[in-house]
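**Q** Got a predicted model here, sequence first, then my questions.
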Amino acid sequence: MDPADELSNVGTRVTYNVYDTLIRRDFLDNNKLVPALARSWQRQGETVLELKLREGVTFHNGDPLTAADVKFTFDRINAPDSTLSDAQGYFSTFKAVEAVDPLTVRIETKEPDPVLEQRLASWASWIVPKAYIERVGPQEFAQKGVGTGPYRIVRLAAKDQLALERFEGYWEEQPPIKTLTFRVIPENAARVTALLNNEVQIITNIPPDQVRTIRGAANVEIRDIPLANAHVLRYNAKHPVLKSAQLRQALNLGIDRKLLIDTLWDGRAVQMRSHQFAEYGPLYNPERPFTPYDKERARALVRESGYQGERITYRTQADYYTNGLQAGEAIVAMWKEIGINAEILLVSAGDREVPAESMVANWSNSSVLADPDGSPWRSWGQESGVQKNYWSADPKFNELGAEARRTLDTRKRYDHYQAMLDIWEREAPGTVLYIPVENYGVSKDVNWSPYPFYYSDFRAYNLSFK
Amino acid sequence: MRAENTEVSRTVRGASRPTAGAGTGAGRRRLAALGGERQGAARRRVAGRVSPLIALCLLVLLLFALCAIFAGPLAPHDPTAQDLRARLRPPLGVAGGARAHPLGTDPLGRDILSRLLYGARVSLAIGFAGALIGLAIGTLCGLLSGFLRGPIDEAIMFLVDVFLALPFLVLALTAIAVFGNGLTVLILLAGFSGWAGYTRLARGQVLGVRERQYVLAARALGASPPRLLLRHILPNIVAPLIVLATFELTSVILLEASLSFLGLGIRPPTPSWGSMLGEGRTYLHTAWWIGVFPGLALMALTTAISLLGDWLRDVLDPTLRG
């Protein structure tokens, strides 16, 4: 229950309700950044952001929230001996966090950080209590987390159940329910049955092909949302077979993404204009063409590339990504049509990927900041595992990326990111497939909206009953 | 002289029974009691004892064998050919079904009937190859163990005990994790799954016949150990082993199905009934035909083989002969 450690899809479902961030990304209103634990914030020069904290906020154990807790939250993550390595990636631009007075925090970055406010509203930026963690230690904190959120952790009721209780001292409006229970029901059919019998009011992760089982029911409905995530393929451009950029471009041109969306996703997944998410706002190019499908051109490129029919493996797990295996099998068949001898390499969750042997693998990139710095930069940039193991990027790509993340000029950043996408498409270290859609089954009398992340927000503004 | 020999023979047989009878499964226990000497007569009577049920079982087995052999000309489509626009089509006779896909299509629009026909190849190949390998290894170990006795016997029986104490599926999963899941690995795994049972049975049988007069006579005439084993002992213990093989055949087919069901068996896109069943599981509510047809095929095949094995046992067992 440590919000900086438990960053998985299922972890954030719970922690989002137990902890608050300084700034909130309002998913219900165009991803606007709105005050949360900080009631206001202001840039002071290019590298400093000063935040004023809300008065009278308390943690679940009664301790008041102060600037010391905020400083502790980020210092803990960025400490040299920190074990919170996943969280570190989100705050690598930080130079120092200073508690000016009990309600004022000053954050200084190494260089100008155009997305600093986004970072404070994003993953791993949940504020934790300094005094409590120092007293009980990180292990105990991970077992019984304490935050400022609308619900507090009551008990791990069983191995497959976690109960939260409304926190009466919450600083914002109280949610309309007293307890909130998360249950693990791995089997699809069992999950659907539990919803239909009203044992639970919301269920998650309904595969697109199973949506029909719920559509007909009287008391429940499907609520779906495109995720802030892209299903992608990653090629090992360092592998002898895949080192030709022409061949990799051919692989990209050989995938009929529209067909996958129309059939496997029933038309509801979203086509992408290269590696861009619409929530970038002014940094999104709505004119950029959809990632193209051109079988003839792909065939020609395969011939030009000197490819000799070597076997190309496509690594996937059977059921990690929704439709992951089916899309893989379909893509392998499409590649066969352009003369590529590909086959599925089915792996299980524990199988370690050996970078030198890996060829094609499916993957997903989350748009963790509503900005290209979240993705593609975080997934494909200089510090990424991709560049470490699979792709020696054109130096220009990294220069542009590094500059784009330290300039505050939006126009310049836009141009840089567009130029980077050109390089990314030319060098083709991978490709986007589509933005997947997540299906929830919800009782019709529950007013609740899913978010494009796996967060489930049960605050008062997103939960009511008919 | 004669009385003494009979006595020796009886003692040895009596001593061998508990060992052989300790094998797992009721089938093996019953088999352990099988004698070897009067099978010639039994074989001659087989023809007269085929009931309609057995004829049906033979027909089913024959049908599946023909499907496997002639999958190419019989299948209406390439079993791996996809047609995403025609995915999840129901079978003929259900609303939305079409003649092009008599048993419907799967989530990638592949023809279920074609996959079923080709899948029979995998099931039968792994089943028969696996059962034969197990039979060969087990018989050899059992012969050596029962004939040579002493430390070799103890060593082999120790291995058998250890092997039977371990759950085989766990062993199989480990082997697949190490060696990958190719067809060869699966066939070898299938072969090893039953060797211990054959070994125990063969050993018990050898203990039963090694002191028989005809064996002693051959030995007295100076027959070499290989000649004794192959000419005088093996032919007299082979019938119960064949019966056991039919039972093992079923479990080997189901082993492949279980592994493929778990996604660890035959690699996609090669069709296998087990993997079709595994894929169909999540679609039982919305597209039942994906899982139901391979399930039925698997049930029909294993039932037919089991009934045939049971019948064979009755035919070959002198104590059950009326």
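**A** Cool, got the structure.
**Q** mind listing the helices for the stretch 301-450 of chain A?
**A** A:324-337, A:378-380, A:385-389, A:395-404, A:410-427 (DSSP state H, counting those that start in this stretch).
**Q** Would you mind telling me which of these is nearest chain B?
**A** helix A:324-337 (4.8 Å; CB to the nearest CB). Backbone N, C-alpha and C define where each C-beta goes, glycine included.
**Q** Distance from that closest one to the middle of the chain?
**A** 25 Å (CA atoms, centre = their mean, to the nearest Å).
**Q** Likewise for stretch A:390-402?
**A** Using CA atoms, centre = their mean, the distance between the centre of stretch A:390-402 and that of its chain works out at 23 Å.
**Q** From the contact counts, what lies against the helix or strand encompassing B:Val170?
**A** According to DSSP states H and E, B:Val170 maps onto helix B:168-179. Packed against helix B:168-179 by the contact rule (3 or more CB pairs under 8 Å, 6 or more residues apart in numbering or on different chains; DSSP states H and E) you find helix B:183-193, helix B:234-261.
**Q** want to throw those helices into a markdown table with mean pLDDT?
**A** Below are the helices and strands packed on helix B:168-179 laid out as a markdown table (pLDDT from 0 to 100):
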| stretch | mean pLDDT |
| --- | --- |
| helix B:183-193 | 87 |
| helix B:234-261 | 87 |
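**Q** Looking at the ones you listed, which one is packed in the most?
**A** With neighbours taken as mean count of other CB atoms under 10 Å in any protein chain shown, those reach their highest mean count in helix B:234-261, at a mean of 23.
**Q** could you pull out the strands for the stretch 251-400 of chain A?
**A** A:312-317, A:342-347, A:360-366 (DSSP state E, counting those that start in this stretch).
**Q** out of these, which comes closest to B:Leu183?
**A** Checking the strands of the stretch 251-400 of chain A against B:Leu183 by CB to CB gives strand A:342-347 as the closest, at 13.8 Å.
**Q** about what we covered before: relative to the whole chain's centre, how far out is the helix holding B:Val170?
**A** For helix B:168-179 - counting by CA atoms, centre = their mean - the centre lies 19 Å from the chain centre.
**Q** buried ones in it?
**A** Neighbour-count burial for helix B:168-179, with 16 or more other CB atoms under 10 Å in any protein chain shown as criterion, is recorded at B:Phe168, B:Ala172, B:Leu173, B:Ala175, B:Ile176.
**Q** Now do that helix against helix B:183-193, angle only.
**A** Interaxial angle, helix B:168-179 versus helix B:183-193 (axes from the mean of the first three to the mean of the last three CA atoms, to 10 degrees): 150 degrees.
**Q** For helix B:168-179, give me every contacting residue.
**A** Helix B:168-179 is contacted from outside by B:Val185, B:Leu189, B:Ser193, B:Leu255, B:Ser258, B:Leu259, B:Leu264, using CB atoms under 8 Å, 6 or more residues apart in numbering or on different chains.
**Q** quick one on the thing from earlier: could you provide the helices of the stretch 301-450 of chain A in a markdown table, with additional columns for distance to B:Met299, mean pLDDT and mean neighbour count?
**A** Shown next, in a markdown table, are the helices of the stretch 301-450 of chain A (distance: least, CB to CB, whole Å; pLDDT from 0 to 100; neighbours: other CB atoms under 10 Å in any protein chain shown):
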| stretch | distance to B:Met299 | mean pLDDT | mean neighbour count |
| --- | --- | --- | --- |
| helix A:324-337 | 26 | 95 | 22 |
| helix A:378-380 | 47 | 91 | 22 |
| helix A:385-389 | 47 | 92 | 14 |
| helix A:395-404 | 57 | 96 | 17 |
| helix A:410-427 | 52 | 97 | 18 |
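**Q** Now distance to chain B too, for those helices, in a markdown table please.
**A** Shown next, in a markdown table, are these (distance: least, CB to the nearest CB, whole Å):
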| stretch | distance to chain B |
| --- | --- |
| helix A:324-337 | 5 |
| helix A:378-380 | 27 |
| helix A:385-389 | 22 |
| helix A:395-404 | 34 |
| helix A:410-427 | 25 |
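**Q** out of the ones you listed, nearest to A:Asn365?
**A** Comparing the helices of the stretch 301-450 of chain A by CB to CB, helix A:378-380 comes nearest, at 4.3 Å.
**Q** Now do that closest one: which elements does it pack against?
**A** So helix A:378-380, by 3+ CB pairs under 8 Å, 6+ apart, packs with strand A:360-366, helix A:385-389.
**Q** Save those as CSV, and put in distance to A:Gln276 too.
**A** As requested, the helices and strands packed on helix A:378-380 are arranged in CSV below (distance: least, CB to CB, whole Å):
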stretch, distance to A:Gln276
strand A:360-366, 11
helix A:385-389, 18
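**Q** Show me what stretch B:110-118 is in contact with.
**A** By CB under 8 Å, 6+ apart, the list of residues contacting stretch B:110-118 from outside reads B:67-68, B:71, B:74-83, B:91, B:100-106, B:269-271, B:273, B:276, B:289-290, B:293-294, B:297.
**Q** Same check on stretch A:293-311?
**A** Contacts for stretch A:293-311 (CB under 8 Å, 6+ apart): A:241, A:244, A:246-247, A:249-251, A:253-258, A:337-343.
**Q** Now the buried members of those residues.
**A** So, by 16+ other CB under 10 Å, the buried ones in these are A:241, A:244, A:246-247, A:249-251, A:253-257, A:338, A:340, A:342-343.
**Q** so which of these are also by chain B?
**A** Counting by CB under 8 Å from any CB of the partner chain, A:Glu343 from these sit close to chain B.
**Q** Can you tell me which of the buried ones among the contacts of stretch A:293-311 has the lowest confidence score?
**A** When the buried ones among the contacts of stretch A:293-311 are compared on pLDDT, A:Glu343 comes out lowest, with 92.
**Q** Please name the bridge partners of that one.
**A** A:Thr313 (DSSP bridges).
**Q** again, but for the one 4 residues further on
**A** In this structure, A:Val347 bridges to A:Gln317 when assessed by DSSP bridges.
**Q** per-residue confidence for it?
**A** For A:Val347, pLDDT reads 84.
**Q** Assess the claim that it and A:Gln317 are in contact.
**A** Yes - using CB atoms under 8 Å, A:Val347 is in contact with A:Gln317, at 5.8 Å.
**Q** I am finished for the moment; much appreciated.
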